[in-house]
Structures are given as structure tokens and as C-alpha cells.
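A.B. asks: could you look at this predicted model? Sequence included:
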Amino acid sequence: MSCVALQTPNTLTISYLTSALGIRFCESFDVYLIAVNLRRWHLSRNRKTTLLLCIGSFLSATLAILPFVETQTSTRQQVPAAVRLLPWITTSLILACLLAVLAYFTEWPKFRPWALYLLPSSGLIIGIARTLGIPKDIQLKQYGDTYSLENFITDRNLDFGRWLLGLTLLREIFETVNAFLFVVDIGIFVRLTGTLLMAGFGMWFVSRKTESIAPWLLTISPIWVLFSVGYSEYYPFIVGLIAVTIWQIVSNQQIFHTRTSYLLVGILPALYIGTVPVSAALLLHTWSRETVRRERVRGLAFGLASFIVSIEIGGEFKGYAQTLRQTIGLEWDGSGWLFFNDLSIVFSIARVVDIWFWLSCATGIVCLSLPLVLPRGLGLAVQEHNGGKDFSFSEPRMLVASRTLLLLASIIFLMFMNPMLGVTQDIDLYFMSYLTLLLLLANRLDLLVACAREPVNVKRRIMQVTAFSVAPATTALIVFGVSR
């Protein structure tokens, strides 16, 4: 599929007028039109085209989040809905404009080295201020198992199998700091340490791959921002490592050495049992680089050994399966498994709405639709062909299988996983699905940008459109709150 094949009649205007009228489910078609018109997009020097795309993506994202936004007012019944929602819409629009301006400057050679560092740096500052209670009148929203991690760290009698190794390491670090350095409150320790790790991984991504759109999509993602601003949960401690691992699989970069990759195959499930699909995909990805079967067998044995050792370090291998089964909800309640939703729920309209909401809080509707509409991006590579750039399947089957496994696991997780705390309270439970779709999207967009005649302009406009797509969910999640 060559770049010339991307030229089609321009129907973006009609599509985004439809989106502006509020038919959010046309969004995936809108994104498809963005993709197929990408070859011609650079020809439009009129700023109205980019403005129309930004407005359409902002309206679609707003409509997706609208039913879940909290509107706290003592005179709620007397105040029209439009007035109650005005602060959220205004704040989202301001944030989108600021991100769009930043996206413009990130593609200038003068500003590129430091502009993207503003995003993780801002999260670090806000996270520290939130941890210290500055200002006291503003309380950012919290989701998930609030304060449960703090209880698990301070009480050694409590066990939580799905966090086994990570929980043990956090306990040791917390007790060491209190014993040899200074006494710190457990709440401050959890929030501040998570904030520092998120900022560190965000800056690492920016410094590692400044030419890719992946650092931008990752650091503006609402769920990444939520974890970066003093979030009291376990996930900020592991999400950076998981994101790096997924990015190695998706982008086919050699971030980790082969032995390190095999080591991570065993360590990741011990840190968080939900990473089993990521570990399996990492194993396939590493095997794609190994040509000798004996080396693959040795690598698999090394990964299994690292898993067993990690379980022993985290607790005790004996009895681990029973503890794990209880902590992840693999129990029969008389009518079904607690971990899974009933099929009548999975294939219901309500579940579709829930999934649409979760994905909107991950990367924005415009962003996340592209890898679903264009799944061929899982195995495409940009090559020179007859003097022009061409897409072709040229990657090993195991590499394609690893990416396919990640995509299928993400979709199955979103469809079948039961949010025991509720649709909005368990928003962080699906973070691996968010990361997988986001980074698959980033890889696909990098290929499309490389195919464009003016890649700088195309990349800048994509970044600006994504800025308007994620802003409504970011402000709703962190400042105003979502509930249902």
C-alpha cells in the first residue's frame, strides 16, 4: 500500500460537521478519513482545516464524557445543565489551546529539546504540591482502591497476591526510609514516590524518542496525567516500566538487552499479575530476535526461573496460587465468576457506552479509533520503493504475533473484565489496555508521518488535534470528577 494510495476525495468537512452535531459514533469514520487523506493533508495551507478538525475532536470528546461529569452545586435543580457544565467546558478548552500551542513549538528546532519536558515537569510540580496539600482549598480527584495501598504497606499481615513483588519492595523501602533516614507519613510516601517515578519515566520517554509522536501521546493521555499528579494507588509505581515494555514490542526497538527482556518476562507478572499478556508478548518479541531454537528454550527457562524467584522474594511460592485467585476475583459467586462479566452484560449497549467512556479517558476518541480502524498498522514498515515510500509487511511473524496478542488482550480485557468498584471508580483498572492502544496508535502515526511529503506539518497538526481530543477527559478526571 503506497502513499499514493492514500489520496481520496476530501470529505473531512462533511464528516466533522456530522461530529459537531454530536453523533459520537461516527468518530471512528472521521479518523479513517484523517488517515486516508493524510497524503493530501499537507497540501492544505489554510488554517481553517486544522481548526475544523480540532473543533470536531473536541466536541466528540466532550459528548463522550458529558454524561459522567460531576456538577456540584447547591441549586442544581434550578440551574440549567448548560450553565452547570460551563466551567468544565471552559477549562477543557483552555487546556486544549495551551496544549495545541505547545504542540506547535515542539516541532521548532529551537524549542524541541525542552518543550516536551514541560509536560512531565508540570505533572511533577502539581503532584508535589498535591502531596503537600498546596493549595489546601483544591482537592484533585481520586479513584480506584483509595488508600488501600497505604494499608497494605503498613500492615505486614495483609497480603495481596496480584501486587506481590511490588508490594514487598515498597514495604522494604518505606521501612528503610523511616528507620535510617527520616520519618515520613505513609500517605506522603505513596503519593510522592509515585509522582517521582511517573515524572522520571515521562522524561525518559521524551529523551529516548524525541522524533516519535509516542512521548506526546503518552504524556498528554488523561490516565497518565492522573497517575502523575500524586495518585494514591499502586499503578503509578509500575505503569512506566509496562509502558516501556509495550513500546519496545510495538516499535521493535532494542530498549532492553535480550537477557533483560527474558528477566522481565518473569518479573512483570510478579509485580502485577495483569501483565501476563505483556510478558507473553515480550517473550514472542524477544524470540523474534533469536534465530537459534536452543537460545529460545534457554530464554524461556530463564524467564520461568525469574518468576519463581520473584514470587519467593515477594512472599512464598507455596500458597501463592490460592492467594492470587482470591485477590483477582477468580471465585464463583453462585451465578458467575467475579472477575468476568456475564455475557448478557458484555454484549449490551450499556457495556458499549462504558467502554467508550473508558477509552475516552485514556487517549481521546479521535486518538484511539485509528488503530482499531487500521489494524494493518500492527505489522507495517515504511520502506523505499521505486523512488517513493511504501508500506509492506516485512517483519517476522513472531513480532506481528506479539503485537496482535497485545491488541487482542486489550480488547478482551475491556469487554469482559468486571469493574467491581463501578464504571468510574475503577477507571484505572484498564490502564494496560489504554497504554497498548495508545502506543499502537503512536507507531501507526509515526509511519503515516514518515510517508507524508511535509512530515513536520503533518505531525504538528496531528498533535494539535489530539490535544483537543484529550482535554475534556483530563479536566473531568482530575479537577471536576466523574461518577455514575
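C.D. replies: Looks like it arrived, so ask away. Numbers count the residues shown, from 1 in each chain.
A.B. asks: so how far is residue 262 from residue 286?
C.D. replies: 6 Å (CB to CB, to the nearest Å). For the C-beta atoms, the positions are set from N, CA and C on the backbone; glycine is no exception.
A.B. asks: equivalent analysis for residue 241, please.
C.D. replies: Here residue 241 is placed at a distance of 15 Å from residue 262 (CB to CB).
A.B. asks: the more surrounded of these two?
C.D. replies: residue 262 (27 against 19; other CB atoms under 10 Å).
A.B. asks: show me what contacts the more buried one?
C.D. replies: Residues near residue 262 by CB atoms under 8 Å, 6 or more residues apart in numbering: 283, 286, 299, 300, 302, 303, 306.
A.B. asks: which of the residues you listed are buried?
C.D. replies: Among the contacts of residue 262, those buried by neighbour count (16 or more other CB atoms under 10 Å) are 283, 286, 299, 300, 302, 303, 306.
A.B. asks: any chance of those residues in TSV, plus distance to residue 446?
C.D. replies: Converted to TSV, the buried ones among the contacts of residue 262 look like this (distance: CB to CB, whole Å):
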residue	distance to residue 446
283	25
286	22
299	28
300	31
302	32
303	29
306	32
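A.B. asks: pull the longest helix from this protein.
C.D. replies: helix 81-106 (DSSP state H).
A.B. asks: can you pull out the low-pLDDT segments for the stretch 101-250 of the chain?
C.D. replies: 113, 137-139, 157-161, 209-210 (pLDDT under 70).
A.B. asks: all helices of it, in order?
C.D. replies: Assigned by DSSP state H, counting those that start in this stretch, the stretch 101-250 of the chain shows helices spanning 112-115, 118-131, 148-154, 164-176, 186-208, 214-220, 222-228, 239-251.
A.B. asks: ok so, going back, hmm, which two among the contacts of residue 262 are most spread apart?
C.D. replies: Greatest spacing in these, by CB to CB: 286 and 306 (13.0 Å).
A.B. asks: shared neighbours of these two, anything?
C.D. replies: With CB under 8 Å, 6+ apart, residue 286 and residue 306 have common neighbours 262, 265.
A.B. asks: closest one of the contacts of residue 262 to residue 193?
C.D. replies: Closest to residue 193 out of the contacts of residue 262 is residue 306 (24.1 Å), distances taken as CB to CB.
A.B. asks: list the contacts for that closest one?
C.D. replies: 262, 263, 265, 266, 267.
A.B. asks: ok, and the closest non-adjacent residue to it?
C.D. replies: Setting aside the residues directly before and after it, residue 306 is nearest to residue 266 in space (CB to CB, 6 or more residues apart in numbering), at 3.1 Å.
A.B. asks: could you do residue 177 as well?
C.D. replies: Residue 177 sits nearest to residue 184 (CB to CB, 6+ apart), 5.9 Å away.
A.B. asks: check contacts around that neighbour.
C.D. replies: Per CB under 8 Å, 6+ apart, neighbours of residue 184: 174, 177, 178.
A.B. asks: do you know how far it is from residue 471?
C.D. replies: For residue 184, the distance to residue 471 - CB to CB - is 35 Å.
A.B. asks: just to revisit the earlier point, now do the longest helix of the chain: which elements does it pack against?
C.D. replies: helix 47-65, helix 112-115, helix 214-220, helix 455-475 (3 or more CB pairs under 8 Å, 6 or more residues apart in numbering; DSSP states H and E).
A.B. asks: those: lowest mean pLDDT?
C.D. replies: Among these, helix 112-115 carries the lowest mean pLDDT, a mean of 74.
A.B. asks: can I get that helix in CSV, CA atoms only?
C.D. replies: C-alpha atoms of helix 112-115 as CSV (Å, rounded to 0.1, in the frame of the first residue of the first chain):
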residue,chain,number,x,y,z
ARG,A,112,12.2,20.8,20.6
PRO,A,113,14.9,19.8,23.1
TRP,A,114,13.0,21.2,26.1
ALA,A,115,9.4,21.8,25.0
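A.B. asks: who are the packing partners of it?
C.D. replies: Short answer (3+ CB pairs under 8 Å, 6+ apart): helix 112-115 packs on helix 81-106.
A.B. asks: list the buried residues of the helix it packs on.
C.D. replies: Result for helix 81-106 [16+ other CB under 10 Å]: buried residues 84-85, 88-89, 91-93, 95-97, 99-100, 102-104, 106.
A.B. asks: over to stretch 469-482?
C.D. replies: Quick answer for stretch 469-482 (16+ other CB under 10 Å): 469-482.
A.B. asks: with stretch 178-191 instead?
C.D. replies: So for stretch 178-191, counting by 16+ other CB under 10 Å, buried means 186, 189, 190, 191.
A.B. asks: and the residues you listed, which is closest to residue 291?
C.D. replies: Using CB to CB, these come closest to residue 291 at residue 190, 44.7 Å.
A.B. asks: so who does that closest one touch?
C.D. replies: Applying CB under 8 Å, 6+ apart, the residues near residue 190 are 149, 150, 153, 232.
A.B. asks: ok, 10 Å please
C.D. replies: Taking CB atoms under 10 Å, 6 or more residues apart in numbering, we find residue 190 in contact with 131, 147, 149-150, 153, 170, 174, 184, 230-234, 236-237.
A.B. asks: re the thing from before, max pairwise distance over the buried residues of stretch 469-482: which two?
C.D. replies: 469 and 481 (20.2 Å).
A.B. asks: give the contact list for the residue nearest the centre of the chain.
C.D. replies: Central residue of the chain (CA atoms, centre = their mean): residue 435, 3.0 Å from the mean position. Residues counted as contacts of residue 435 (CB under 10 Å, 6+ apart) are 218, 221, 223-224, 239, 242-243, 245-247, 250, 278, 362-363, 406, 410.
A.B. asks: again with residue 149
C.D. replies: Contacts of residue 149 (CB under 10 Å, 6+ apart): 160, 163, 166-167, 170, 186-187, 190, 194, 232-237.
A.B. asks: which single one of those residues is nearest to residue 463?
C.D. replies: residue 236 (24.7 Å).
A.B. asks: how about residue 408, what does it touch?
C.D. replies: Applying CB under 10 Å, 6+ apart, the residues near residue 408 are 277, 436.
A.B. asks: figure out the helix or strand that it lives in.
C.D. replies: If you go by DSSP states H and E, residue 408 is part of helix 397-416.
A.B. asks: pull out the buried positions in the next helix-or-strand element following that helix.
C.D. replies: Per DSSP H and E, helix 397-416 leads on to helix 431-451 as the next helix or strand towards the C-terminus. For helix 431-451, the neighbour count (16+ other CB under 10 Å) marks 431-449, 451 as buried.
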